[in-house]
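Novice: here is a sequence with its predicted model. Questions after.
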Amino acid sequence: MVRSDAVGQRAIRVPDAAEDDPRVCGLSAAVARLRAELDAYPARLHDRRTAEDELDALDVQIAEGVPSSDGLRHSLLLIVAAVGSVSALADALSGLRNAVELFGEAQEFRRVN
């Protein structure tokens, strides 16, 4: 079994200002679920470290307050690229995607006519 060296070592606290935002709490739960399922996944994954690093980046964004949709989408993209083909992680990954979507669309460049 191949597992992360940091299994069970993470505990992120949601800041007081963000505790009342159900999106932040849901995102935190989705990150924790995917991390737990990734840690428990027994097969060797070439990009496991990339996924773990991006889950850490999401934890940092959560710890700083309400995260930006751009940062969330960037991390989600890298996580999907790293482990998106692993069917055993599909439900947890879908939960993370759904949690990220609650933060709205990324800001798009708008041209003024």
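Specialist: Okay, I see it.

Novice: switch to C-alpha atoms for all contacts and neighbour counts from now on
Specialist: OK.

Novice: got any ranges where this protein has weak pLDDT?
Specialist: Counting by pLDDT under 70, the chain contains low-confidence ranges at 1-19, 105-113.

Novice: by residue count, what's the longest helix in it?
Specialist: Longest helix of the chain, by residue count under DSSP state H: helix 22-40.

Novice: after that one, which helix or strand is next? Please name it.
Specialist: helix 48-63 (DSSP states H and E).

Novice: what separates that next one from the chain centre, distance-wise?
Specialist: 6 Å (CA atoms, centre = their mean, to the nearest Å).

Novice: list the buried residues in that helix.
Specialist: Arg48, Thr50, Ala51, Glu52, Glu54, Leu55, Asp56, Leu58, Asp59, Gln61, Ile62, Ala63 (16 or more other CA atoms under 10 Å).

Novice: now it against helix 22-40, angle please.
Specialist: 160 degrees (axes from the mean of the first three to the mean of the last three CA atoms, to 10 degrees).

Novice: about what we covered before: and the longest helix of the chain, what does it pack onto?
Specialist: helix 16-19, helix 48-63, helix 90-101 (3 or more CA pairs under 8 Å, 6 or more residues apart in numbering; DSSP states H and E).

Novice: including distance to Leu78, could the ones you listed go into a markdown table?
Specialist: Below are the helices and strands packed on helix 22-40 laid out as a markdown table (distance: least, CA to CA, whole Å):
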| stretch | distance to Leu78 |
| --- | --- |
| helix 16-19 | 25 |
| helix 48-63 | 7 |
| helix 90-101 | 12 |
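
Novice: do you know which of the ones you listed lies nearest Ala82?
Specialist: Ranking the helices and strands packed on helix 22-40 by proximity to Ala82 (CA to CA) places helix 48-63 first, at 5.8 Å.

Novice: need the CA coordinates for that closest one. CSV is fine.
Specialist: The C-alpha coordinates for helix 48-63 follow below in CSV (Å, rounded to 0.1, in the frame of the first residue of the first chain):
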residue,chain,number,x,y,z
ARG,A,48,-0.3,11.7,-5.9
ARG,A,49,2.1,14.3,-4.6
THR,A,50,0.6,16.9,-7.0
ALA,A,51,-2.9,16.2,-5.7
GLU,A,52,-1.8,16.3,-2.1
ASP,A,53,0.0,19.6,-2.7
GLU,A,54,-3.1,21.2,-4.3
LEU,A,55,-5.3,19.9,-1.4
ASP,A,56,-2.8,21.7,0.9
ALA,A,57,-3.2,24.8,-1.3
LEU,A,58,-6.9,24.6,-0.8
ASP,A,59,-6.5,24.2,2.9
VAL,A,60,-4.4,27.4,2.9
GLN,A,61,-7.0,29.3,1.0
ILE,A,62,-9.7,28.1,3.4
ALA,A,63,-7.5,29.1,6.4
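
Novice: alright, I will stop here.
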